[in-house]
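Enquirer: sequence? don't have it. structure:
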């Protein structure tokens, strides 16, 4: 499939990923230049979703590596199947067979693929998502360099495994720590921020089937007001807007009103301190009046 | 294409001058990316260059300002160069005026160019006041006019420096001219941005301001975490697969006739570091008070095993560990505010003496000793000796100097204290980032 900027936008929209031209251009360039794409931004703005959408577009498998502190190459890249190797040794000695350690025991038959190796050995071009890379240790980041720049890995006992088809690599980071220059240099960079009210309303409409345009717009405008005016520990992201819209729909609300807001605050803020701050400093009435000023369809 | 390459190289140089690190590989990626977008569409070019050249979120505003200034029509470029020339002429005129105004008994005061320009930025009222003072000094009789002139020069310098540190002053971009007229014209244009935008450009080159504290805290937390969990060379048994534990593996697999079917692993032991933090809260550190409080808080919130002391002329121990956990941040800040030692003169020597006398048990081979100060202290030689003594008893002495790095040169107190500690500048966000990255790679 020949990728152009126009058909990439169309395909992403068809998958319900409504986005800006800036994001489309960056993704397009990463695909064209065959470079990993490092995506940053606050939680819930659609970083992980981007990889899922790309996998859907290319109709390929999404191979996901969820990063955490202490992640090492055994869990990310490969491991030898020790049990199988030992059984083979015992079987060979029982049958008085000669066994060449290097040739027979360290072959692909005994290699257990972990996400990175799986992405490289995949015969179809896979989408590899390395999620929350900022949660790993620096040593692991350095270990990724070979995979990200040459799309190959060196396994001491086996040799070098080169990618059959260069995978589409998406790395996400919430910015918990600074990533190394080496890693950043190897990637194209995309920072996803919160969208405009109109764009967010479009996203809500695409993700919440059956929602009226008015409610989608009101939800987007209200969340926009909250992000701008209320300083809390965790700002409501796009995913919270979608959850909120779904909750409002489930409760049968056609439009925002104080009681609807009060009964669904838990969808916007996920900790008690933020909810208390919302009630104290904003409240449903004030939010509604500010939303009406902001929202075009409420005018 | 040649023209595009040349333009791109110049633009990358501009970015580098503004503090964005761009490698040759990234420059080549950017050039390749331009082949896939419509180069007649400015927005596409901006996105293509941004995605390949800027890899940090906080540098995006710098990139955008540079892009808007650099990629302009030839007419606008010419206008920029003309503006630069006008700016230079104006600067010469301002320097001449400053030299004329700042005299003592008809002889011009010896001031740096930067100081003369600072003078020209003063409002008329301040200028008049300064001139009046110089005039009165000129008219009075002096035994040794030459000596008095140098005293006067120092006074004027201090006055200008004081004004520089006030909030009213918006400093020019701390970048040097490149010698390339095109780039210098762009830099001059960036210098003329409104103060708010300009602040974004060099936020990490200025001293840490109130609004940057959250960022500073974030970096400090990273640094604190790293300090708290420095990896030791010792291994301990663990489920994390780091290194095979042979003894454990054999023991575990005895039931399989010694065949190692189940492997046991060992991973690196986290060293339990004891931290001792000594914070200077004397008068000269007033400017950094919010930073110091934040620093103490960041460290204390990550590390529970920390002994914190505040000092100016005397030493005071902060009992942070006993504070209620529910409103920890406020409690730490309140406790520091109520300290008796805030705002006195500085005497590191006296503080270290009290520490050695009353709290010597906190100084062990496992201790990392951190001192935050601007080094402006009485009895610096004595202080350095005490610090040396402490260095011999602890694992490491880290001196976080809040004085800007460019002021270290020739400063006696810095020279002396540097010999007894590992000193890092700690004045700007860039310094903090640097400090954090040094520790991350340790």
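Expert: Good, I have the coordinates. Since we're looking at a predicted model, the values are computed, not measured.

Enquirer: name the helices or strands packed onto the longest helix along chain B?
Expert: What stands out as the longest helix in chain B, according to DSSP state H, is helix B:74-101. Packing partners of helix B:74-101 (3 or more CB pairs under 8 Å, 6 or more residues apart in numbering or on different chains; DSSP states H and E): helix B:113-121, helix B:124-139, helix B:181-191. Backbone N, C-alpha and C define where each C-beta goes, glycine included.

Enquirer: Now tabulate these in a markdown table and tack on mean neighbour count and mean pLDDT.
Expert: As requested, the helices and strands packed on helix B:74-101 are exported to a markdown table (neighbours: other CB atoms under 10 Å in any protein chain shown; pLDDT from 0 to 100):
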| stretch | mean neighbour count | mean pLDDT |
| --- | --- | --- |
| helix B:113-121 | 17 | 82 |
| helix B:124-139 | 13 | 83 |
| helix B:181-191 | 21 | 73 |
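
Enquirer: Compare those helices and report which one is nearest to residue A:44.
Expert: Closest to residue A:44 of the helices and strands packed on helix B:74-101 is helix B:181-191 (CB to CB; 34.3 Å).

Enquirer: Where does the residue of chain A most remote from its centre fall, secondary structure wise?
Expert: Relative to the centre of chain A, the most outlying C-alpha is that of residue A:96, 52.1 Å out, by CA atoms, centre = their mean. Using DSSP states H and E, residue A:96 is not contained in any helix or strand.

Enquirer: And the strands in the stretch 101-250 of chain A?
Expert: A:111-113, A:127-131, A:152-155, A:159-162, A:168-173, A:188-191 (DSSP state E, counting those that start in this stretch).

Enquirer: Quickly run through the sheet partners of the longest one, with directions.
Expert: Pointing back at strand A:168-173 there. Here strand A:168-173 is paired, per DSSP bridges, with strand A:37-40 (parallel), strand A:127-131 (parallel).

Enquirer: Nearest to residue B:349, out of these?
Expert: Nearest to residue B:349, of the strands paired with strand A:168-173 and by CB to CB, is strand A:37-40 at 46.9 Å.

Enquirer: Helix or strand next in line after the closest one, which one?
Expert: Downstream of strand A:37-40, the next assigned helix or strand under DSSP H and E is helix A:47-57.

Enquirer: Now do that following helix: everything it contacts.
Expert: A:8, A:11-12, A:15-17, A:23, A:27, A:39-41, A:61-62, A:64, A:126-127, A:129, A:131, A:168, A:170, A:172, A:192 (CB atoms under 8 Å, 6 or more residues apart in numbering or on different chains).

Enquirer: For the residue of chain A found nearest chain B, which non-adjacent residue is spatially closest?
Expert: Closest contact between chain A and chain B, by CB to the nearest CB, is at residue A:184 (3.7 Å). Counting by CB to CB, 6 or more residues apart in numbering or on different chains, residue A:184 lies nearest to residue B:55, which is 3.7 Å off, once chain neighbours are set aside.

Enquirer: same deal with residue B:381?
Expert: Per CB to CB, 6+ apart, closest to residue B:381 is residue B:416, 6.3 Å.

Enquirer: ok, the one you found - how many residues close by?
Expert: Counted by other CB atoms under 10 Å in any protein chain shown, the residues lying close to residue B:416 total 17.

Enquirer: re the thing from before, okay if I get the helices and strands packed on helix B:74-101 as TSV plus distance to residue B:313?
Expert: As requested, the helices and strands packed on helix B:74-101 are exported to TSV (distance: least, CB to CB, whole Å):
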stretch	distance to residue B:313
helix B:113-121	32
helix B:124-139	32
helix B:181-191	43
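
Enquirer: quick one, which of the ones you listed is nearest to residue B:405?
Expert: Comparing the helices and strands packed on helix B:74-101 by CB to CB, helix B:113-121 comes nearest, at 16.5 Å.

Enquirer: how about low-confidence regions in the stretch 101-250 of chain A?
Expert: A:101-103 (pLDDT under 70).

Enquirer: Would you map the helices across it?
Expert: A:115-121, A:138-150, A:181-185, A:197-207, A:213-229, A:238-250 (DSSP state H, counting those that start in this stretch).

Enquirer: can I get the ones you listed in TSV with distance to residue A:258 and mean neighbour count?
Expert: Below are the helices of the stretch 101-250 of chain A laid out as TSV (distance: least, CB to CB, whole Å; neighbours: other CB atoms under 10 Å in any protein chain shown):
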stretch	distance to residue A:258	mean neighbour count
helix A:115-121	47	22
helix A:138-150	48	17
helix A:181-185	46	17
helix A:197-207	20	20
helix A:213-229	12	21
helix A:238-250	13	20
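
Enquirer: closest one to chain A among the helices and strands packed on helix B:74-101?
Expert: Here helix B:181-191 is closest among the helices and strands packed on helix B:74-101 (CB to the nearest CB), at 21.5 Å.

Enquirer: Just want the angle from that closest one to helix B:74-101.
Expert: 70 degrees (axes from the mean of the first three to the mean of the last three CA atoms, to 10 degrees).

Enquirer: Give me the distance from helix B:181-191 to the chain's centre.
Expert: 25 Å (CA atoms, centre = their mean, to the nearest Å).

Enquirer: What count of nearby residues applies to residue 260?
Expert: You didn't say which chain, so I picked chain A. 20.

Enquirer: Please refer instead to chain B.
Expert: Neighbours around residue B:260, by other CB under 10 Å: 16.

Enquirer: Let me know whether stretch A:188-198 sits next to chain B.
Expert: Yes. Residues of stretch A:188-198 contacting chain B under CB under 8 Å from any CB of the partner chain: A:188, A:189, A:190, A:191.

Enquirer: tell me which residues of that stretch are tucked away?
Expert: Buried residues in stretch A:188-198, counted by 16 or more other CB atoms under 10 Å in any protein chain shown: A:188, A:189, A:190, A:191, A:192, A:194, A:195, A:197.

Enquirer: Tabulate the residues you listed (CSV), appending distance to residue A:137.
Expert: Formatted as CSV, these follow (distance: CB to CB, whole Å):
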residue, distance to residue A:137
A:188, 24
A:189, 22
A:190, 24
A:191, 24
A:192, 25
A:194, 30
A:195, 33
A:197, 40
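
Enquirer: and of the helices and strands packed on helix B:74-101, who's closest to residue A:177?
Expert: Comparing the helices and strands packed on helix B:74-101 by CB to CB, helix B:181-191 comes nearest, at 30.1 Å.

Enquirer: So which bits of the stretch 1-150 of chain A are right by chain B?
Expert: Within reach of chain B by CB under 8 Å from any CB, the stretch 1-150 of chain A has these residues: A:21-22, A:25-26, A:28-30, A:32-33, A:35, A:38, A:40-41, A:70, A:72, A:74-75, A:82-83, A:86, A:90, A:138.

Enquirer: Can you name the residue of chain B nearest chain A?
Expert: residue B:55 (3.7 Å).

Enquirer: OK, contacts around that residue?
Expert: A:38, A:184, A:185, A:187, A:189.

Enquirer: Am I right that it is in a strand?
Expert: No. Under DSSP: H, G, I helix; E, B strand; the rest coil, residue B:55 falls outside any strand and is assigned coil.

Enquirer: Let me see the confidence value for it.
Expert: Residue B:55 is assigned a pLDDT of 92 by the prediction.
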